[in-house]
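Novice: Make a model of this:
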Amino acid sequence: MTARDAALAGGALPSDLGAYFAERADAVDRGTADVRHGLRYLADHGLLAPPDLATSCVVIEEIARYCLASAFSAWAHTMVAEYLSLSDSPALQAEVPRLRRAERTGSTAMAPAMQHLVGLADLGVAFRHEGASLVVDGAVRWASNLFPQDVLVVVGAAGPNGSRAVLAIASDAPGVHAGTPLELLALGATRSSSLRFEGVVLDPSQVVSSDFEPYLRAVKPRFLLLQSSFCLGLARAALEGAEARLERSFAAFGREHLRLRSDLDVLRARHRQLIEDGEPTPTVVAHRLDVARMAQRAVDLELRVAGGAGYQASSPTARRLREAAFLPI
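Specialist: Residues are numbered from 1 along each chain as shown. Below you'll find the model as predicted:
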């Protein structure tokens, strides 16, 4: 972590953060370790869904250097805290401290809503009014952190007469059904699956926002910048992995490594500037695409430098190859 990273994060990160997530990375990759332990570690150090975006970005980037699944879980959890902190509902705002203490896990199921915002998808979830309550039906194909209990899911939904809203739904509420966790490349430990809602009854206090489009436009840059952070962390890890083997590789790899290091420095500087300046969504969307491509280029170089050793399924290089394969979605 650079001095500027530490300044962005409001101080130095715990000295054992890297070692903690590195030691657990293989077990998380195999699905024998629970990513919620990482969330509790962050909570114990006051770093789980912190209130400022700069700190969240630095934390998630650092975790992704060692374990993308843990970083992705932290991203999903952090986004739920972000959504609720911007809600008009006092009841939901009161949930944010519980999320920061890891007393509850956050699951973001907002990809359809983000796609719907630009006309690329239907919401897939609908609500209607029955008396003072809302009743929710429908399904989403992907949500993460779907653990058996104490999970709060945030989802976009279509309402009557063209209305739309963002809702917060407890995963163990009657009528909520989570699918079997998917067996995923590198991200199996994130407990990702589909969700189905059948006659789920909500109190109006569980409406995150009924001002759908302005609300989503306000949160989308944070959504993308935090995603960009785990791309940057993966790119850094891959270039560090390649550097450790360069002495035994062709000189051409060394020149390519220097170019990629320079490109990554430029992207990381731009990332910090976007956080500080609060740039509009189109600029952040382009940045998210750029950093994902950067991570893939870095992993490709590491694999070529490592040679056959990189194809051993248990190697960090092979894990990063699987992690990078996830980034386009």
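
Novice: Phi, psi for Ala49 please.
Specialist: Per-residue torsions, Ala49: phi 50, psi 50 (degrees, to the nearest 10).

Novice: I should have written His257 there, sorry.
Specialist: According to degrees, to the nearest 10, His257 has phi -60, psi -40.

Novice: what's the answer for Ile169, then?
Specialist: phi -130, psi 130.

Novice: I'd like the numbering to begin with 4 instead of 1 from here.
Specialist: I'll keep to 4 as the first residue from here, and by that count the last item is Ile172.

Novice: Spatially nearest residue to it, not counting backbone neighbours?
Specialist: Leaving aside its sequence neighbours, Ile172 sits nearest to Val156 (C-beta to C-beta, 6 or more residues apart in numbering; 5.0 Å). From N, CA and C alone the C-beta is placed, and that goes for glycine too.

Novice: next one: His40
Specialist: Arg27 (7.3 Å).

Novice: List the contacts of the helix or strand hosting that neighbour.
Specialist: Assigned by DSSP states H and E, Arg27 falls within helix 20-33. Residues outside helix 20-33 that contact it (C-beta atoms under 8 Å, 6 or more residues apart in numbering) are 17, 36, 38, 40-41, 44, 48, 65-66, 68-70, 72-73, 189, 191-192, 317, 319, 322.

Novice: now do 6 Å
Specialist: 36, 44, 66, 69-70, 72-73, 192, 322 (C-beta atoms under 6 Å, 6 or more residues apart in numbering).

Novice: Repeat that for stretch 126-146.
Specialist: So stretch 126-146 is in contact with 110, 112, 115, 119, 158-162, 197-200, 202-205, going by C-beta under 6 Å, 6+ apart.

Novice: Which positions within it qualify as buried?
Specialist: 126-130, 137-139, 141-143, 145-146 (16 or more other C-beta atoms under 10 Å).

Novice: So which of those residues is the closest to Ala255?
Specialist: For the buried residues of stretch 126-146, the closest approach to Ala255 (C-beta to C-beta) belongs to Trp145, at 39.7 Å.

Novice: if we can go back for a sec, helix or strand: which one has the residue nearest to Ile172?
Specialist: Counting by DSSP H and E, Val156 is part of strand 154-161.

Novice: Next, count neighbours for the residue nearest to His40.
Specialist: Arg27 has 22 neighbours, counted by other C-beta atoms under 10 Å.

Novice: Next: Asp268.
Specialist: So Asp268, with other C-beta under 10 Å, has 11 neighbours.

Novice: quick one on the thing from earlier: which among the contacts of stretch 126-146 end up buried?
Specialist: Buried among those by 16+ other C-beta under 10 Å: 110, 112, 115, 119, 158-162, 197-198, 200, 203, 205.

Novice: For these, give me CSV that also has pLDDT and distance to Gly313.
Specialist: Formatted as CSV, the buried ones among the contacts of stretch 126-146 follow (pLDDT from 0 to 100; distance: C-beta to C-beta, whole Å):
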residue, pLDDT, distance to Gly313
Ser110, 98, 33
Ala112, 97, 34
Pro115, 95, 36
His119, 95, 39
Val158, 98, 39
Gly159, 98, 40
Ala160, 98, 44
Ala161, 98, 46
Gly162, 98, 50
Ser197, 97, 33
Leu198, 97, 36
Phe200, 98, 43
Val203, 98, 46
Leu205, 98, 49
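
Novice: quick one: low-confidence parts of the stretch 54-203 of the chain?
Specialist: In the predicted model of the stretch 54-203 of the chain, no residue satisfies pLDDT under 70.

Novice: tell me the average confidence for the helix or strand where Ser232 lies?
Specialist: In this assignment (DSSP H and E), Ser232 forms part of helix 215-246. Average pLDDT, helix 215-246: 97.
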